[in-house]
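Student: Model the structure of this input:
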Amino acid sequence: MTWRLIWTRAAEKDLDALDRVAAKRILRTLHRFSETGHADVARIVNARTPRRRIRVGPYRIIILMNEKLGEVEIIRIHRRDSAY
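Tutor: As a prediction, this is how the structure comes out:
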């Protein structure tokens, strides 16, 4: 199943603030995930909404997945120490 990626404005700003190497790594991971569904994805346990995270080195991509529509909303991108 391929996933359609939907970027929030906050996530776009987070990506723009990263250095070029980290941004490329995150984009490669998201591209691979959108095509194959494979990534280091885990549910965020104490979240009020059914959010998940994708781990990319020291970064965490906070997402919401809508399996019925095949969409992944990218909410934020943070370093691990400030992501949760």
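Student: Show me what counts as buried in stretch 30-43.
Tutor: Leu30, Phe33, Ser34, Ala39 (16 or more other Cβ atoms under 10 Å). Where C-beta positions appear, they are placed from N, C-alpha and C, glycine not excepted.
Student: who does Glu73 bridge with?
Tutor: Beta-bridge partners recorded for Glu73 (DSSP bridges): Ile6, Leu64.
Student: circling back: of all the buried residues of stretch 30-43, which comes closest to Asn66?
Tutor: Ser34 (13.3 Å; Cβ to Cβ).
Student: OK, contacts around the closest one?
Tutor: Thr2, Trp3, Arg4, Leu5, Val72 (Cβ atoms under 8 Å, 6 or more residues apart in numbering).
Student: can you list those in CSV and add pLDDT and neighbour count?
Tutor: Converted to CSV, the contacts of Ser34 look like this (pLDDT from 0 to 100; neighbours: other Cβ atoms under 10 Å):
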residue, pLDDT, neighbour count
Thr2, 89, 10
Trp3, 94, 19
Arg4, 96, 11
Leu5, 96, 16
Val72, 95, 24
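Student: Tabulate those in a markdown table, adding columns for distance to Ile62.
Tutor: Listed next are the contacts of Ser34 as a markdown table, based on distance: Cβ to Cβ, whole Å:
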| residue | distance to Ile62 |
| --- | --- |
| Thr2 | 21 |
| Trp3 | 15 |
| Arg4 | 17 |
| Leu5 | 13 |
| Val72 | 11 |
